[in-house]
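Enquirer: Sharing a model that was predicted from the sequence below.
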Amino acid sequence: MSTENEGTAVPADHPAAPSTPTTPPTPPTAPPASAPTPAAADAPTAAQPPTAAQPPAPEAAPAHAPDAAHAAHTPAHTAHTPAHAAHTPAHAPAPESAASTPAPAAAGAGWPPPPPTVPAWGAPLPPAAPQAPRRRTGGLVAAVLVAALVAGGIGGGIGYWAAQRGDDGVSSTTVSSGEAPASFKREPGTVAAVAATALPSVVTIQAKSGGSQGEGEGGTGTGFVYDQEGHIVTNNHVVASAADGGTLSVTFPDGKSYDAEVVGRAEGYDVAVLKLTNAPKGLKPLPLGDSDKVAVGDSTIAIGAPFGLSNTVTTGIISAKNRPVASGDGSGGSNSYMSALQTDASINPGNSGGPLLDASGAVIGINSAIQSTGSGFGQTQAGSIGLGFAIPVNQAKNVAQQLIRTGKPVYPVIGATVNMQEQGEGATIASQGSGGTPSVTPDGPAAKAGLKAGDVITGFGGHQIDSGPSLISEIWTHKPGDQVKITYERDGKTSTATVTLGERTGDS
């Protein structure tokens with residue numbers, strides 16, 4: 001059985017209170033009329049239950065019936081109070097209301113009957129402050145919800161503020177290129193560093209042939225500064241059209257242009273030297289390397305004006321060395337021959353005459369010819385297919401120095417005419433020379449070495465020879481007066497001889 005007290009359920013696991021509290025023994029005599037009504041403080045506590053030796057004080061007889069009724073109501077209210085007090089501190093079961101079950105009158109007692117005594121299991125306590133745990137719990141939950149809503153609102157506001165600042169880049173941790181050090185420099189040997197150093201010394205050449213109105217045909221090529229006096233080295237076929245009565249202009253990467261004139265040309269070598277008519281001060285010649293020390297696989301950098309696009313830089317490697325190449329000047333003139341450096345750096349028409357650099361920025365060759373599909377060697381409008389050829393700088397330097405000194409080229413010769421059509425078996429000495437002259441010049445270098453018409457030269461200076469052009473290409477890598485070992489075949493027998501090279505001046 002359970003009871004409720006101010007809306008709070010009493011735990012059911014405590015023993016139930018008696019439905020009617022026990023009545024103490026009736027006192028032998030009636031109490032005096034002036035005895036006061038019993039107070040809550042006079043009631044025994046649960047720790048001190050009433051005994052026969054401690055009977056409650058008898059009440060005085062009421063003077064009026066209404067007062068007696070009021071006295072009967074008062075104990076009922078008093079009996080209700082201990083139930084609340086017992087529930088609060090001791091969790092004891094609350095008794096049923098005494099007012100609903102009045103105590104029986106003692107035997108022999110008169111009217112009115114004595115009021116019921118306070119239950120022995122509890123003592124009346126002062127009314128406790130009303131507790132409302134459920135209402136307080138609900139208030140706490142509401143407070144938590146309000147706090148969560150406030151926190152959520154604050155968090156959302158902070159998130160929006162942070163997102164806005166993030167969009168403005170204020171709190172970004174990325175680094176822009178503008179924050180790079182102003183003193184940033186590329187390491188020596190990189191393509192960018194080499195190009196930055198070399199470009200100011202590479203020029204674009206405009207050649208125009210002489211015409212009645214001064215508006216003859218021409219072309220675009222490349223050259224580079226050879227010395228501080230204003231000499232520019234380029235290919236012969238770049239300036240050939242303007243060599244006789246034409247005009248030449250040289251433009252530097254800073255946009256400044258200068259007039260130039262031809263100092264000398266070597267058709268067979270495909271090398272020409274120009275001179276600026278009003279050379280500026282402070283020219284920086286490109287350093288010259290050693291083409292004999294170049295190895296296959298070395299890095300290469302080509303600079304030029306392919307199809308008129310000035311200051312173009314391309315890269316590649318040395319694909320091969322001592323490649324025999326014959327190329328024309330594009331005007332029907334004499335062919336040129338070179339034992340070329342082959343590179344896969346992109347070279348196109350307009351690159352001709354430009355420098356081929358190594359990884360240190362030194363010139364190792366002069367870009368001169370390309371192999372294009374279906375057009376053979378030479379300078380045509382076909383594009384690069386990765387087969388470019390450069391004149392070794394050691395040869396070009398010798399030629400340039402000769403042209404600056406005398407204005408005319410000097411060629412080393414062996415004094416024999418060879419077949420320029422056959423290839424694969426070596427260079428065969430022709431049966432006769434041009435215009436019916438002897439194929440072996442009497443008392444010339446070849447004659448002195450014992451060579452005769454019909455001999456097949458298969459080796460020259462340690463290099464294999466497979467055709468007439470390859471023999472000339474190798475001869476022109478030397479200087480007049482050099483002694484070179486030759487391997488040749490005669491009547492199926494292989495022999496060797498040493499030839500001291502002669503010379504020929506000019507291109508005629």
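Expert: Received it, and whenever you're ready, just let me know what you need. Numbers count the residues shown, from 1 in each chain.
Enquirer: Which stretches in the chain count as helices?
Expert: 65-87, 133-167, 191-198, 236-239, 393-406, 445-448, 468-475 (DSSP state H).
Enquirer: Touching the fifth one from outside, list them.
Expert: By C-beta atoms under 8 Å, 6 or more residues apart in numbering, the surrounding residues in contact with helix 393-406 are 226, 231, 233, 263-266, 269, 271-273, 288-292, 338-339, 363-366, 408-410, 476-477, 479. Where you see a C-beta, it was placed from the backbone N, CA and C, and this is true even at glycine.
Enquirer: Point out where the stretch 401-508 of the chain drops to low pLDDT.
Expert: Within the stretch 401-508 of the chain, the set of residues satisfying pLDDT under 70 comprises 508.
Enquirer: got the contact list for residue 469?
Expert: Going by C-beta under 8 Å, 6+ apart, residue 469 touches 324-326, 337, 420, 423.
Enquirer: Nearest to residue 255 among these?
Expert: The shortest approach to residue 255 among these belongs to residue 325, at 34.3 Å (C-beta to C-beta).
Enquirer: neighbours around the spatially closest residue to residue 357 that is not a sequence neighbour, how many?
Expert: Using C-beta to C-beta, 6 or more residues apart in numbering and skipping residues adjacent in sequence, the residue nearest residue 357 is residue 301, 4.4 Å away. Other residues lying near residue 301 total 21 when counted by other C-beta atoms under 10 Å.
Enquirer: Could you do residue 189 as well?
Expert: Other residues close to residue 189 by other C-beta under 10 Å number 12.
Enquirer: again with the one 4 residues further on
Expert: Other residues within reach of residue 193, judged by other C-beta under 10 Å, total 14.
Enquirer: before we move on, what about residue 198?
Expert: Under the neighbour criterion other C-beta under 10 Å, residue 198 is assigned a count of 22.
Enquirer: check contacts around it.
Expert: Applying C-beta under 8 Å, 6+ apart, one finds that residue 198 lies in contact with 286, 301, 303, 355, 357, 361.
Enquirer: how about the nearest residue to residue 303, chain neighbours excluded?
Expert: In this structure, residue 303 finds its nearest non-sequential neighbour in residue 202, 4.8 Å apart by C-beta to C-beta, 6+ apart.
Enquirer: partners of that neighbour in the sheet?
Expert: Taking DSSP bridges, one finds residue 224 as the beta-bridge partners of residue 202.
Enquirer: what do you get for residue 497?
Expert: Judged by DSSP bridges, the bridge partners of residue 497 are residue 486.
Enquirer: Quick check: it vs residue 324, distance?
Expert: Counting by C-beta to C-beta, to the nearest Å, the separation of residue 497 from residue 324 is 21 Å.
Enquirer: Comparing the two, which residue is more hemmed in?
Expert: Applying other C-beta under 10 Å to residue 497 and residue 324 shows that residue 324 carries more neighbours, namely 21 against 16.
Enquirer: Pull the contacting residues for that one.
Expert: Applying C-beta under 8 Å, 6+ apart as the definition, the contact partners of residue 324 turn out to be 337-340, 466-467, 469-470, 473-474.
Enquirer: before we move on, the earlier item: filter the contacts of helix 393-406 down to the ones in strands?
Expert: Counted as lying in strands by DSSP state E, out of the contacts of helix 393-406, are 231, 233, 263-266, 271-273, 338-339, 363-366, 410.
Enquirer: tell me the contacts of the spatially closest residue to residue 200 that is not a sequence neighbour?
Expert: Nearest-residue entry for residue 200: residue 253, 5.9 Å, with adjacent residues in sequence omitted and distances by C-beta to C-beta, 6+ apart. When contacts are counted by C-beta under 8 Å, 6+ apart, residue 253 is found next to 199-200, 202, 310-311.
Enquirer: what phi and what psi does the backbone show at residue 253?
Expert: Its backbone dihedrals place residue 253 at phi -60, psi -20, with angles given as degrees, to the nearest 10.
Enquirer: Could you measure from it over to residue 239?
Expert: For residue 253, the distance to residue 239 (C-beta to C-beta) stands at 20 Å.
Enquirer: In the protein, where is pLDDT below threshold?
Expert: When residues are selected by pLDDT under 70, those of the chain lie in 1-172, 175-184, 211-217, 328-334, 374-382, 508.
Enquirer: From the contacts of residue 253, list the buried ones, please.
Expert: Taking 16 or more other C-beta atoms under 10 Å as the criterion, what is buried in those is 200, 202, 310-311.
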